[in-house]
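Peer 1: Here is a sequence with its predicted model. Questions after.
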Amino acid sequence: MDEAPSGHGEARSRGGPRPPGRADTPAPVREGCTAAVVADRFDRLTWRDTYEQSAALRELADELGARHDCATDLLADAFLAAYQARPRLRERTEMTLSRMLNHRVIASLMESPDFAELHRETAGDPYAAAMAVLAQATALRRLLDGTRDAQERAERADRAQNTAAEAHRTQDAVQDAAQALGAATPGIRAATRLAGARAAEAVREEVALMRAWGVGSGELERIPFDRRARLAERLRTSRLAAWAELIGRFRQMADGERARKVEHTSGELIGVTLGDDLSRVVPSELANLGLPALRAVFAARYAAGQLMLYDSEGEQTTGRGAVIACVDTSHSMYVEGPGGVTREAWAKACALALLDQARHGGRDFVGILFAAADKLRIFRFPADEAADIDRVVDFAETFLGGGTSYQRPLSAALELLAEEYDDAARTRGDIVLLTDDECDVTEEWMRDWNDAKHRLGFRVFGLAVGAPPAAEAGSVLDALCDNLRVVEDFTDVHAAADLFRVI
């Protein structure tokens, strides 16, 4: 493994021993530091560990170091400025002349308008600090190339101070270096402003991306460096990157609905449940009475006690068994709707929000991806285990393609609920079926389905994505579901809001 250069510590400027027999001409050795940011040994160990773990940092250091001796020290300073909780610059008089350029660069970076925002995300997080350095690579590369002359003069002055040269020549070299650095200062300020802005944007985007996928800052810091880098790259470059904003809005909506369900006072309406109390029927159900084609549906739901009702404090309506999301991944789910959002993206984002919902309620979650009868994938997330983010992404990224079969995924869901009932005597699970298609089931299967539903006490919610014929009264999907709703606008996450007050 590559060894991080040692210049990031309290290193002193280079100076050789005086030649023997020259005691009458003492060398004016100037002691100076090569690190612009004051750091203790723990901070330096963090830099070294991060440098060794990040191939990208090492590659950048090798590239810049081949042309600029100060490059690796500059990268270390940029890292420490981002990483430390309260970064402090060394006094200029303490710096060796060959690293005065680094000092000015870091000072300018820390004074840039975007640094405070950047620092809020990177302080204490080695990965985020390294990412900030890498995001500044282009700006730092141009800055070093543009200040090469000033840096070379500073290095000559440094060498002059560490030799037995004539005093006036040493002074001339120092003044020459100071003038060159002064002339380069406006360019340094412009470059560091650009570098700070790019770094802040890159870190902000990645943090938002991770948060959209439900990965909080505390969990991020526990993920090993290389795994976190791979995860970030996967989320940025795969087709899932376009889903982040939608997933984030779903999670935010679900959080709001949970708050409405939990925080309430006596007698306050806190959600939606199912039943036959006509005094509490929600307006959307009553609206069905105005449509002749749906009056029979209303009557059937009323008879079965499956009307959507406003819920009030004191009622225990939410399920206690597993939450199972059956997501259709047939070819037709790849169709785009308004805003370029596909049916699949909306369904998967809803399913991920249901995963959150289950975990907040201490319930198991199962994601079942289905298409034709021979295509099925099951992803289990037990309530007593942390949801592995890589497996969550696998669930979201898997697309089976092909036709559609209801029996296979719903039979798998029944088996899981029956297993849960036998092992833990838990009932009242919830199945959410997200599909855009209509397909037949056999009469025998339907009888078994109804028998199991009665025995296990689970509920079935249907989301007809894209208003297909499956949503029509009398359809198979309508017969399977206790409650069925239609989703036409794929940019609207609130179409399923009341679902998160019931489940």
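Peer 2: Structure's in. What do you need? Given the structure is predicted, the values throughout are model-derived calculations rather than measurements.
Peer 1: could you give the mean pLDDT of stretch 70-88?
Peer 2: Averaged across stretch 70-88, pLDDT comes to 95.
Peer 1: Domain boundaries for the chain, per the record?
Peer 2: 6-237, 319-502 (automatic domain parsing).
Peer 1: Can you say which of the ones you listed is nearest to residue 253?
Peer 2: domain 319-502 (4.7 Å; C-beta to C-beta). Every C-beta, even on glycine, is put in place using the N, C-alpha and C of the backbone.
Peer 1: follow-up on the earlier one: comparing the domains of the chain by mean pLDDT, which bottoms out?
Peer 2: domain 6-237 (a mean of 80).
Peer 1: still on that earlier bit, got the domains of the chain as a markdown table, with mean neighbour count columns?
Peer 2: Shown next, in a markdown table, are the domains of the chain (neighbours: other C-beta atoms under 10 Å):
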| stretch | mean neighbour count |
| --- | --- |
| domain 6-237 | 18 |
| domain 319-502 | 19 |
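Peer 1: closest one to residue 256 among those?
Peer 2: domain 319-502 (8.1 Å).
Peer 1: Just give me the longest helix of this structure.
Peer 2: helix 167-212 (DSSP state H).
Peer 1: for it, packing partners?
Peer 2: helix 100-111, helix 115-122, helix 126-135, helix 137-146, helix 148-161, helix 225-237, helix 244-262 (3 or more C-beta pairs under 8 Å, 6 or more residues apart in numbering; DSSP states H and E).
Peer 1: distance of residue 307 from residue 250?
Peer 2: Per C-beta to C-beta, to the nearest Å, residue 307 is found 26 Å from residue 250.
Peer 1: Between these two, which has more neighbouring residues?
Peer 2: Taking other C-beta atoms under 10 Å, residue 307 and residue 250 do not tie; residue 250 has more neighbours (26 against 23).
Peer 1: Apart from its neighbours in sequence, what residue is nearest the residue nearest the centre of the chain?
Peer 2: Central residue of the chain (C-alpha atoms, centre = their mean): residue 210, 0.5 Å from the mean position. The spatial neighbour of residue 210 that comes closest, neighbours along the chain excluded (C-beta to C-beta, 6 or more residues apart in numbering), is residue 220 at 6.0 Å.
Peer 1: State the distance from that neighbour to residue 213.
Peer 2: Noted for residue 220: a distance of 11 Å to residue 213, by C-beta to C-beta.
Peer 1: Redo the helices and strands packed on helix 167-212 as TSV? Include distance to residue 321.
Peer 2: Converted to TSV, the helices and strands packed on helix 167-212 look like this (distance: least, C-beta to C-beta, whole Å):
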stretch	distance to residue 321
helix 100-111	54
helix 115-122	39
helix 126-135	38
helix 137-146	51
helix 148-161	68
helix 225-237	31
helix 244-262	18
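Peer 1: Go through those and name the closest to residue 81.
Peer 2: Here helix 100-111 is closest among the helices and strands packed on helix 167-212 (C-beta to C-beta), at 5.6 Å.
Peer 1: quick one: contacts of the closest one?
Peer 2: Residues outside helix 100-111 that contact it (C-beta atoms under 8 Å, 6 or more residues apart in numbering) are 34, 36-37, 70, 73-74, 77-78, 81, 87, 89-90, 92, 95, 115, 140, 143, 147, 150-151, 154, 177, 181, 184-185, 188-189, 191-193, 195-196.
Peer 1: Checking residue 387 next. Helix, strand or coil?
Peer 2: coil (DSSP: H, G, I helix; E, B strand; the rest coil).
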